[in-house]
Every structure is written in C-alpha cells, then in structure tokens.
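>>> structure of the sequence below:
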Amino acid sequence: MPHIRILQAVGGVDFSWSPGQVVEVDDETAEAWADGERAELADDGKTQRTAEKAAARSRGGGRARRTETRDE
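Predicted coordinates for the structure are as follows:
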C-alpha cells in the first residue's frame, strides 16, 4: 500500500491527519489525495526534513523574524 505525506491538516469522522504526517492508504485514496497541495506521495525516499519544510509552507509558517534587542 502506498504512503502519502500530509501537507494540510484534514480530519473526518474516524481519522485526523496533521501536516508532515505520513499515512498508509489504499491506491485509490493515494491517487485522490496526492495532488501536491493536500498531500504528496511519500514512497519516493524524501527525507523528514523535506516533509517538515512542506508542512511549514502549507501552514504559512517558518521562523519568525528575530526582534532587535539593542538600541543603536
């Protein structure tokens, strides 16, 4: 069975997936969900770091700007 990496949080009656999570699904579900926006195929050998970057992008995340603490 294929694995997909979740890019956007999604939940239903009996499941809940969060960004970056890799889940095993049947072929039909993988084809429907792995569109590059909601999820992507995870059986291609990508690293966990790539998954975290994709999840952060889908949430609009990333590191916040460093605040300036010195008076100049």
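
>>> residue 1: what's it in contact with?
Residue 1 is in contact with 24-27, counting by CB atoms under 8 Å, 6 or more residues apart in numbering. C-beta coordinates here come from the backbone N, C-alpha and C atoms, glycine included.

>>> which of those lies closest to residue 33?
Ranked by distance to residue 33 (CB to CB), the contacts of residue 1 are led by residue 25 at 7.1 Å.

>>> count of residues packed around that closest one?
Around residue 25 there are 17 other residues, counting by other CB atoms under 10 Å.

>>> need the contact list for it.
Counting by CB under 8 Å, 6+ apart, residue 25 makes contact with 1-4, 33.

>>> that one and residue 11, how far apart?
Residue 25 sits 15 Å away from residue 11, taking CB to CB, to the nearest Å as the criterion.

>>> ok, now residue 27?
For residue 27, the distance to residue 11 - CB to CB - is 22 Å.

>>> now residue 31
For residue 31, the distance to residue 11 equals 20 Å [CB to CB].

>>> those two: who's more crowded?
residue 31 (13 against 9).

>>> can you pull the contacts of that one?
Listed by CB under 8 Å, 6+ apart, residue 31 has no contact partners.

>>> residue 21 is in contact with residue 6, isn't it?
Yes - applying CB atoms under 8 Å, one finds residue 21 in contact with residue 6, separated by 4.7 Å.

>>> tell me which of those two has more neighbours.
Set residue 21 next to residue 6 and count neighbours by other CB under 10 Å: residue 6 wins out with 22 against 17.

>>> now do the contacts for residue 27.
By CB under 8 Å, 6+ apart, the residues touching residue 27 are 1-2.

>>> correction: the previous question concerned residue 11.
By CB under 8 Å, 6+ apart, the neighbours of residue 11 are residue 17.

>>> by pLDDT, rank the contacts of residue 25 and give me the bottom one.
Taken together, the contacts of residue 25 show their lowest pLDDT at residue 1, with 83.
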